[in-house]
Each structure stands twice: as C-alpha cells, then as structure tokens.
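Trainee: Next input, structure requested:
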Amino acid sequence: MVIIKKLTIDAVKIPLEKPIPSGKMIIRSADALLVKLHTNDHIGEGMVFTLNGTRLLILRDMILSLENLIIGTDVEMSDTFLKQAWSELVFLGQRGIGAIALSAIDMALWDLRGKEANQNVSQLLGGSRVSMPMYRSGGLRLSASIDELQKEAHDLVSQGFKSIKMSLGSKEIEIDVARVKAVKETIGGEIHLMTDCNQQFSVSHAIQLGRELEEFQLAWIEEPIVFHNHDGEAEITKALDTPIASGENEFTSLGMIEMIHRKSADILMPDLQRMGGPTELIKVAHLAMEHHIPVAPHLFTQMSLSLAAAMPNAIYVEYMPWFAPFYQEQLILDLHGEVPVPSTPGWGFHFDSTAIKKYAY
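Mentor: The predicted model follows:
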C-alpha cells in the first residue's frame, strides 16, 4: 500500500508582460494553485488556475474541502476517492468549481501513479507516440495591427512553430478576412493556422465569415458562438468545410457527450480542469474516438502532452506560455514542430521551488 499522507497548496501569480484584451475580459495575470499530494516516497503534482486571481481563494477552499477524502487513500486504489468525491459533489453540482477542484487532485494522483510505477503517465496508459504536434496559442490577438500580426507570426515561425493560432472577433467580416489573409501570406502554406473566435459571433455571422475564410484552408475555426449553444454549433459545423473546434468550456464527460450527440464540432477540445481531471479526460477521448472525432486538449501542456500521446485520436497539444515559469523543465520543439513526450516518471515535469517563491501570493 502507498498511502497519501498530506495535501499542500501553493498559490502563485504571474503578471503578464502585456495585458491581453480578450473577447470576455482584459487578462492581466495568470493565477494558479499548485497542488501536491505527499506519500512517504513521492510527491504528485497538479495545477488549476484562474485569470486575474478571480475567486482563487474560493477554489482553494473547495480543494481543501476534499482533503479529508484523499488523506489516507491508497494510491493504487485511488478510484475509491474519485467515486466518493463525485458522489459528494452531487448536491452542489458536478460541473463548475467542484469539478475544477477535483481535477487538481486527480492530476496529482496520476503523477503519483507514474512515479510509484517508475513510468511516465503516457507509458502507464500504453502510449502510442513519442512526440506530439504542438500549436502556439496566446498570441496574434485582436488588439494587434496587421503589421504587428505579421511580425509576430514571422517570429513564431522562426521559433520553430509549425502551427499557430490567431484571434478573430471583428464586427466587420472583411476585417477578420484581411487579418487572416495577412497572416497566411506571412507564414506560407506549410504552416498550419488556427483561428479562435472566443464565442463572439451569431450563427449567421459565423457561417458567413467561415465561408469567406474557406480559401485559406484553416486548421480550424474555434468557438464561433457561445459555447453552450450546441445546436447553433452543429448548424455552423454542417454549413462549413473548415473544421469547427469547440468544447474547452464544457464540464466533464456529460458535456462532451451532449456535444457528440448533437454533432456540435468536428474537433473536441476538452479542458483538463473543467473535465474534472485526467481520468475524465481519458474517458472523453475514448468516447470521441468511438464517434471518429479527433481531440485537441486545451492548455495544461505539461500534463496534456503525456495524455495525448496515449490517445490515438489526439491531433495537437496547445502551448500557452503563461505557465512555463512554474516548471523546472521546458518544452522544446523538434524540427517538425512537435514536442517530445517525456520518458521520466509521472508527468515528466516538476514544479520549480524557486519560481514558486518568486511568484507566490
């Protein structure tokens, strides 16, 4: 038996070098809770976050509310904890902050399982790949001029990225089309370009814009309308040749099952913390595969990477640079724009104690 003795949480804040105007808010900082589960021999690590520190302390309290369930758990029998935790969350709702809190603990549990078995999580799951395509997110924002977009796109390609994502969201279709055209002219035909609409359009606007963008052969158009309008997403998906990607704002496999049944997206984007953790995300990948739907996990590259390597239908991992300072190891692209999957135990990435002190609340 390998018993969990202690749960600890570090709260950290990373101010962004330049505030980012998004479709919903101005993002000024990425604020995370770094969760650790301790056994006699190993420490398992997980992470959840909010933007601008919003309700971070409430999330911390929610994680601590599960502490009595996880302490004393045998790592080799940890599904008993998950069963009890999900059951207790029924009264307040299994979606929302409860799922996010649970995800942090489940992430740390998977890290512990790998470390106890002396295997990377991808190997623990029977991984099928040693590297994964990675796309660069977090840049090419709406606030950038066309000149700025082109310079940034050129810089990202120079860094080795073969896939990059840009934001859309203008009220005038011709403006978004011009911005996409400018970026495509800069990066050329061999670099994949994704677009993210951040839920800002109506169904009709999204279809009209999507048709105007068909000529650019985009890798996908992401979240064109409000995320919970799955019937509207299905209408857009059916109308366009360009793939529609969505799902990062849905919670647990229940939300993803609804999207699958309604044919809301060509590509599902499960978010590790909204899924409720790796256990639920793995379930989603299997469900999607049965319906011949690819997945591209949202954020959490240092953990999603090992999971995606064991998912035959995973097509990309996303790289957002915000969280890199928390880790000792850095993600490095190969010549093909792919990132190697670690072979070291657990996630293969470890929190940096010096960085935790530097960025601590």
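
Trainee: State the distance from residue 228 to residue 259.
Mentor: 10 Å (C-beta to C-beta, to the nearest Å). (Each C-beta comes from the backbone N, C-alpha and C, glycine too.)

Trainee: When these two are compared, which one has more neighbours?
Mentor: Neighbours per residue, other C-beta atoms under 10 Å: of residue 228 and residue 259, the larger number sits with residue 259, 24 against 15.

Trainee: got a pLDDT number for that one?
Mentor: Reported pLDDT at residue 259 in the predicted model: 98.

Trainee: do residue 94 as well
Mentor: Per-residue pLDDT puts residue 94 at 80.

Trainee: tell me what the longest strand anywhere in the chain is packed against?
Mentor: Longest strand in the chain, counting residues (DSSP state E): strand 6-21. Counting contacts by 3 or more C-beta pairs under 8 Å, 6 or more residues apart in numbering; DSSP states H and E, strand 6-21 packs against strand 26-38, helix 56-64, helix 353-359.

Trainee: now these as TSV including mean pLDDT, mean neighbour count and distance to residue 278?
Mentor: Below are those laid out as TSV (pLDDT from 0 to 100; neighbours: other C-beta atoms under 10 Å; distance: least, C-beta to C-beta, whole Å):
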stretch	mean pLDDT	mean neighbour count	distance to residue 278
strand 26-38	95	20	13
helix 56-64	96	17	16
helix 353-359	96	14	22
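
Trainee: Of all the ones you listed, which one is nearest residue 187?
Mentor: Residue 187 lies closest to strand 26-38 among the helices and strands packed on strand 6-21, at 24.6 Å (C-beta to C-beta).

Trainee: before we move on, the earlier item: can I get the helices and strands packed on strand 6-21 in CSV with distance to residue 267?
Mentor: Formatted as CSV, the helices and strands packed on strand 6-21 follow (distance: least, C-beta to C-beta, whole Å):
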stretch, distance to residue 267
strand 26-38, 24
helix 56-64, 28
helix 353-359, 33
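
Trainee: Compare the ones you listed and give me the one nearest residue 98.
Mentor: The closest approach between residue 98 and any of the helices and strands packed on strand 6-21, judged by C-beta to C-beta, belongs to helix 56-64 at 6.6 Å.

Trainee: So which residues make contact with that closest one?
Mentor: Under the criterion C-beta atoms under 8 Å, 6 or more residues apart in numbering, residues 7, 9, 11, 31, 33, 35, 48, 50, 97-98, 100-101, 104-105 lie in contact with helix 56-64.

Trainee: hmm, try it at 7 Å
Mentor: With contacts defined as C-beta atoms under 7 Å, 6 or more residues apart in numbering, helix 56-64 is touched by 9, 11, 31, 33, 35, 48, 50, 97-98, 100-101, 104-105.

Trainee: Which one of these sits in the busiest neighbourhood?
Mentor: Highest neighbour count within the contacts of helix 56-64: residue 104, with 30 neighbours (other C-beta under 10 Å).

Trainee: who are the neighbours in contact with it?
Mentor: Residues near residue 104 by C-beta under 7 Å, 6+ apart: 33, 35, 46-48, 63.

Trainee: for these, which one is nearest residue 306?
Mentor: Among the contacts of residue 104, and counting by C-beta to C-beta, the member closest to residue 306 is residue 46, at 13.1 Å.

Trainee: ok, and the closest non-adjacent residue to residue 39?
Mentor: Excluding the flanking residues, the one nearest residue 39 by C-beta to C-beta, 6 or more residues apart in numbering is residue 2, at 5.4 Å.
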